[in-house]
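# coordinates for the following, if possible.
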Amino acid sequence: MSIRPIGVQHIGIPVSDLERSLEFYQEILGLEFVFVAEGDGPEVSETVGVPDAHLKFAFLKAGNTIVELLQYLRPEGKPYDRMNCDVGAAHLAFEVEDIEEAYQSLQAQGIKFNAAPLHVEEGPLAGCAFAYFPDPDGFQLEIMETAD
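Residues are numbered from 1 along each chain as shown. Modelled structure (predicted):
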């Protein structure tokens with residue numbers, strides 16, 4: 001028996017510096033700030049599965065999805081070191097109306113892409129285009145233009 005989700009409420013991304021990441025996700029990507037909060041204590045540690053956890057977190061809106069940025073003040077996390085092919089590595093894709101415009105705009109703001117947008121010509125994603133780039137901690141993000 002499945003749980004039958006009604007949607008994706010939020011995506012959580014651990015970051016090394018919440019203020020730096022907030023600036024990036026708001027100023028560069030244009031996400032809408034919702035709130036910042038802090039949490040610690042035995043219940044938080046047990047719930048997140050991290051002993052002695054103390055964290056600050058922020059919610060930002062991207063359309064109808066929330067992006068949660070989490071900075072663990074205690075214990076301090078390891079730097080992101082995943083490749084896209086590594087089990088557990090994730091990426092977050094933002095849908096854009098015009099990938100070439102978004103690509104040029106992000107490049108003008110200093111964003112370094114893995115490669116120029118790939119325009120898919122055939123298969124189930126025919127008519128789509130996408131490009132990957134890292135956030136300030138190296139977490140992979142993607143911009144994607146869907147087919148009409």
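# got the CA positions of the longest helix along the chain in PDB?
What stands out as the longest helix in the chain, according to DSSP state H, is helix 99-108. Taking Å, rounded to 0.1, in the frame of the first residue of the first chain, the C-alpha atoms of helix 99-108 are listed here in PDB:
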ATOM      1  CA  ILE A  99      16.900  28.700 -21.400                       C
ATOM      2  CA  GLU A 100      19.200  30.800 -23.600                       C
ATOM      3  CA  GLU A 101      18.100  34.000 -21.800                       C
ATOM      4  CA  ALA A 102      18.500  32.300 -18.400                       C
ATOM      5  CA  TYR A 103      21.900  30.900 -19.300                       C
ATOM      6  CA  GLN A 104      23.200  34.300 -20.600                       C
ATOM      7  CA  SER A 105      21.800  36.100 -17.500                       C
ATOM      8  CA  LEU A 106      23.400  33.600 -15.000                       C
ATOM      9  CA  GLN A 107      26.700  33.700 -16.900                       C
ATOM     10  CA  ALA A 108      26.700  37.500 -16.700                       C
END
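# show me what contacts the most centrally placed residue in the chain?
Centroid check for the chain by CA atoms, centre = their mean gives Leu92 as the closest residue, at 4.6 Å. Residues counted as contacts of Leu92 (CB atoms under 8 Å, 6 or more residues apart in numbering) are 11, 13, 67, 139-142. Backbone N, C-alpha and C define where each C-beta goes, glycine included.
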